[in-house]
Structures are given as C-alpha cells and as structure tokens.
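> coordinates for the following, if possible.
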Amino acid sequence: MRCYLWSLVGVLLVATPLDAQGLREKIAELFIFTAGQDPLFLGGTAGSDSATALHADHFIPSAVADNGTLISFISNAIGQNVANLPVSATSGGSTFRFEGGVPVPTSGSPGSVFGERAQTLGKGRVFVGANVNRLHFETLRGVSLNDVQVVFTHENVTGPACDSLVGASCTPYGVPTHENDVIDVNLSFDIDMTVTSFFLSYGLLDRVDIGVVLPIVSTSLHGTSDAQIVPFGGPPVQHFFGGTPTNPVLTTLRSVDGSATGIGDIATRVKVNLSRTDRTSFSVLGDVRFPTGSEDDLLGSGHVAARALAVLSARFGAFAPHANIGYLYRSGSFQNNAVLATVGFDHVMAPWATMAVDVVSELQVGESKLALPGPVTYEKPFRRTISVTNIPTERDDLINGSFGFKFTTHAGITLVGNTLWPLNRGGLRPNVLWTAGLEYNF
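As a prediction, this is how the structure comes out:
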C-alpha cells in the first residue's frame, strides 16, 4: 500500500504543466484581421487616406464592450468545459465492512461508472484505476460549432468634432450613416479532447475513504472565421479590409490550429459512511478540484471547484439503485455554481458482467455568468433592431444519460466501457462521450 501511495505522491510532485501554447488566445486570433493589431482592427481602412483612417478602430472590442463580450463568451464556454467532464466513481469492485476483524461484503457488484454509491471500501482496502474519456464538441447551446454566427456593430461616435463634420448631432445611433456598417463573422470550430484519468481511493477507516484523481488532458483546436463587412450605403465606403474606398475588399478568411497536452485539474476526495444496513446505505462525499491545469491551453478551468454530495444506495439482490444530490461551487467569475443530481442503478447480469445506467445532471444556479450582449437598436436613418449572434440566451443546464458495462476478469481486473449522451442542449456539448477504463480493488 505504501508503495502505491508514494508512487502517486511522486507523480504529483514532479508533474509540471507544459509550456503554454495559448489555445485560448488562438480563439481571439480568429478576429484579428491585421497582423499585430487588436481584434477587429481594419488594416485596409488604416492604410487609406487620413480621413478614412480614423475609422480603422471603430469595431475594436475595447471601444465597444458588447462586441468584446462575444469573444469572451466563446473563449470561456470552451475553457470551462474541461471542468464539466465527470470523473470515475470513488469506489468499485467489492466493498466490505469488518465485524470482529472479519471482512463482510457490502456490495454484490463492481458498481456504477459515474454515479456514486454509499458503500465504502473497508479499512486498508485500495481501489485503483484509469480511464480514457474521448469527445468531440459539436454544439454550443444547441448551435452547431460549424455554424456560429456573430455580428459586430460599430461604435456610436459622438462629440463636437463629429457634430461639426456631419452638420448634425451624432448622438443618435446611426449618425453618421456609416455607423450602420456591420461585420458579419461566420465561425467554425473543430475541438477534440481526450482526458486520461488515474485515480486511487484508500479505505482510511472502515467508514471513511480518501482518494485522488490525476487527469492528463489533451486538447486540439482548429477554427476558421469568414468575415464580411456589410456597408449600409454605397461607395465610397468607410470600412474595408483592403483596397480603396471606391474599390474595397470586404471579405477575409482566418484560420487557426493548435494543440496542447498536460496535467488537468487534480481532484482530492473523501467519503464518509453515516449509516448502513443489509439493504441500504447512506454516505456524504466531498471533493475539491484544484486549478493545476493550464487555463490558457484549455487544459483546466483556472479556478477551484468544490463538490458536496449526499449519497443513498440500496441493494435488492442483483439490482442496486443509487441516488446522489449535492451542490457544486465554482470560484471563477465566469462560472456558475450548480445543483447536482444523479439517479441510476447497476445490475449484475452475470458473475462477470454488470450493466450500469445513470442520468447525470448539473443544474445551473442563478443567471448565466456567460452573458451574451443583447440586440442592438439603431435610431437612424430609421429605427430597427438586429441580433448580434445566433447563440441563444438560455441556461446552461447539463443533463446526460450514462450507459455502460463492467466486465470482471479472472485476474480480478475490471474492464469498463461507457457512453455518456446529452439529453438537453445547454452549454458546450459533444454528441457522445466515450469512456474505456481499467479498475482493480484489493
């Protein structure tokens, strides 16, 4: 036992994050149309005559906060989802209690995959394993990642200089007329993630388990942006990527590629059994995820997260239902806390095969901190309102169905195969999350 513990401690001590490759920054690069400049700076306009050059930075997000929120929303939606991936249950295989120093089995199956059961391992017993989670993100709040549309609007320029130039008040949005110009951007993202988790639980006492999870995360990103300036009036235009006001270049295409691999957010866990009978068992579980993964490389959330669960299990022969309910706290300014609820069962189909089924939910608390800008209303030359994105404003509740099997070998090693399917459209989601793993209990 000491050998296993010291080996794990050694891994944690020597492991260091890889050099940042800036995957988060690469998302912002999709909006940089002129090398070395801020997102949405119009290099073509800047290189024209002095009067037109004044318009080069009127779309920069620092000047128009709502536009900048769109870029921030997409970056944070991708970055925080590595922290949403479930980790393996804290116990598996046979669990025991001790009566007069003699171990007595408290479970009849190797347990579920992601749902927690209330039984503890038993004093001195060890549960170790590893699993690989593979996913390809497909949708953001139900919108295909191949068809994310955003519209960047012009800054509302006001002041005496503008009034004098136009010969009228520039206070109404849409005066002068070129304030009605917009930049339409069609985005496409191809995001793959593989999380290999190594986990260990130890029966510190008969009713107390402690554990740790070490994830290794690999993320790859390919993104493209197809941008088009839509002038409100005819030539000469005031905003363009290249060319001249009378012969402007109004479209451009950007693409980015990157990948990163490193340690994700390490988790520590403790489970305490409060009551148990031959039929039922009740425990409380707490775990903390530390921000050890690189936030810049989309390997971690960048913030501490803590979870508390109440766990109820029952056993009816080969059928073992369980229910978990709890609360998830996230310290990040763009991350919501959540109420957690999981219900499911594992069923022994044969001495060597167990089926595990769960509904795993994470229900957002409060209004989403990943806020999108609202519609933009123009006053001139006529009143109208436009939507700035096709991403809907809605809660990022996550409800998933988990379905898998555990197969016990003659050597005592348990083979795990599982799929996790989204049952709603909130948040950034794959079509399916695949899991394969090994578990061993001794």
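> tell me the buried residues in the host helix or strand of H322?
Secondary structure from DSSP states H and E places H322 in strand 319-330. Within strand 319-330, the residues that count as buried by 16 or more other CB atoms under 10 Å are A320, P321, H322, A323, N324, G326, L328, R330. Backbone N, C-alpha and C define where each C-beta goes, glycine included.
> summarise which helices and strands it is packed against.
strand 305-314, strand 338-350 (3 or more CB pairs under 8 Å, 6 or more residues apart in numbering; DSSP states H and E).
> before we move on, the earlier item: can you list the buried residues of strand 319-330 in a markdown table and add distance to I386 and pLDDT?
A markdown table is the format used below for those (distance: CB to CB, whole Å; pLDDT from 0 to 100):
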| residue | distance to I386 | pLDDT |
| --- | --- | --- |
| A320 | 55 | 92 |
| P321 | 51 | 94 |
| H322 | 49 | 95 |
| A323 | 47 | 96 |
| N324 | 44 | 96 |
| G326 | 42 | 97 |
| L328 | 36 | 95 |
| R330 | 33 | 92 |
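> can you count the residues close to T69?
18 (other CB atoms under 10 Å).
> try T34
By other CB under 10 Å, 19 other residues sit near T34.
> excluding chain neighbours, what is closest to it?
Distances taken as CB to CB, 6 or more residues apart in numbering place G43 nearest to T34, at 3.0 Å, with adjacent residues excluded.
> the one you found contacts H55, correct?
No: the criterion here is CB atoms under 8 Å, and G43 misses it with H55 at 11.9 Å.
> of the two, which one has the most company?
Shown here are G43 and H55; by other CB under 10 Å, H55 has more neighbours (22 against 17).
> leaving out chain neighbours, which residue sits closest to V343?
Of all residues not flanking V343 in the chain, A323 sits nearest, at 4.9 Å (CB to CB, 6+ apart).
> what residues are up against the one you found?
Each residue near A323 by CB atoms under 8 Å, 6 or more residues apart in numbering is listed here: V311, L312, T342, V343.
> would you map the strands across the stretch 251-400 of the chain?
Secondary structure of the stretch 251-400 of the chain (DSSP state E, counting those that start in this stretch): strands located at 251-263, 267-276, 280-289, 305-314, 319-330, 338-350, 353-364, 376-378, 384-386, 398-408.
> Serialize these to TSV and add fields for distance to A35.
Output for those, formatted as TSV (distance: least, CB to CB, whole Å):
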stretch	distance to A35
strand 251-263	11
strand 267-276	41
strand 280-289	38
strand 305-314	37
strand 319-330	36
strand 338-350	41
strand 353-364	39
strand 376-378	29
strand 384-386	30
strand 398-408	39
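> tell me which of these lies nearest to D206.
Of all these, the one in closest proximity to D206, counting by CB to CB, is strand 267-276 (8.1 Å).
> taking strand 280-289 as reference, get the angle to the closest one.
Compare the direction of strand 267-276 with that of strand 280-289 by axes from the mean of the first three to the mean of the last three CA atoms, to 10 degrees and you get 160 degrees.
> in strand 267-276, what's buried?
Across strand 267-276, burial judged by 16+ other CB under 10 Å covers A267, R269, V270, K271, V272, N273, R276.
> so how far is that strand from its chain's centroid?
Distance of strand 267-276 from the chain centroid (CA atoms, centre = their mean, to the nearest Å) equals 27 Å.
> thinking again about what came up before, looking at the contacts of A323, which is nearest S283?
Checking the contacts of A323 against S283 with CB to CB, the nearest one is V311 at 4.6 Å.
> okay, now that closest one: neighbour count?
Residues within reach of V311, counting by other CB under 10 Å, total 26.
> could I get the contacting residues of the closest residue to A320 other than its chain neighbours?
Setting aside the residues directly before and after it, A320 is nearest to D346 in space (CB to CB, 6+ apart), at 5.2 Å. Contacts here follow CB under 8 Å, 6+ apart; on that basis D346 touches S109, P110, G111, S112, R117, A320, H322, T354, M355, A356, V357, K406.
> distance to Y173 added to these, as CSV?
As requested, the contacts of D346 are arranged in CSV below (distance: CB to CB, whole Å):
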residue, distance to Y173
S109, 64
P110, 63
G111, 60
S112, 55
R117, 58
A320, 62
H322, 56
T354, 63
M355, 60
A356, 56
V357, 54
K406, 61
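> which of those are buried, as a ChimeraX select command?
Buried subset of the contacts of D346, written as a ChimeraX selection, criterion 16+ other CB under 10 Å:
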select :109,110,111,112,117,320,322,354,356,357,406
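> between the contacts of D346, which sits nearest P392?
Nearest to P392 out of the contacts of D346 is V357 (CB to CB; 30.2 Å).
> coming back round to it: among the contacts of A323, which one has the most neighbours?
In terms of neighbours by other CB under 10 Å, the contacts of A323 top out with V311 at 26 neighbours.
> doesn't R117 make contact with that residue?
Yes: counting by CB under 8 Å, R117 is a contact partner of V311 at 6.7 Å.
> and for these two, which residues touch both?
Counting by CB under 8 Å, 6+ apart, the residues touching both V311 and R117 are H322.
> now the strands for the stretch 101-250 of the chain?
Taking DSSP E, counting those that start in this stretch as the test, the strands found in the stretch 101-250 of the chain are 102-105, 126-140, 143-144, 148-153, 182-205, 208-230, 242-243, 248-249.
> between these, which gets the lowest average pLDDT?
The minimum mean pLDDT among the strands of the stretch 101-250 of the chain belongs to strand 102-105 (a mean of 53).
> compute the first-to-last residue distance for stretch 379-396.
Separation of the first and last residues of stretch 379-396 by CA to CA, to the nearest Å is 33 Å.
> got the confidence number for the most far-flung residue of the chain relative to its centre?
Of all residues in the chain, G167 has its C-alpha farthest from the mean position, at 50.2 Å, by CA atoms, centre = their mean. On the pLDDT scale, G167 is placed at 87.
> can you give me the separation between it and P176?
Noted for G167: a distance of 10 Å to P176, by CB to CB, to the nearest Å.
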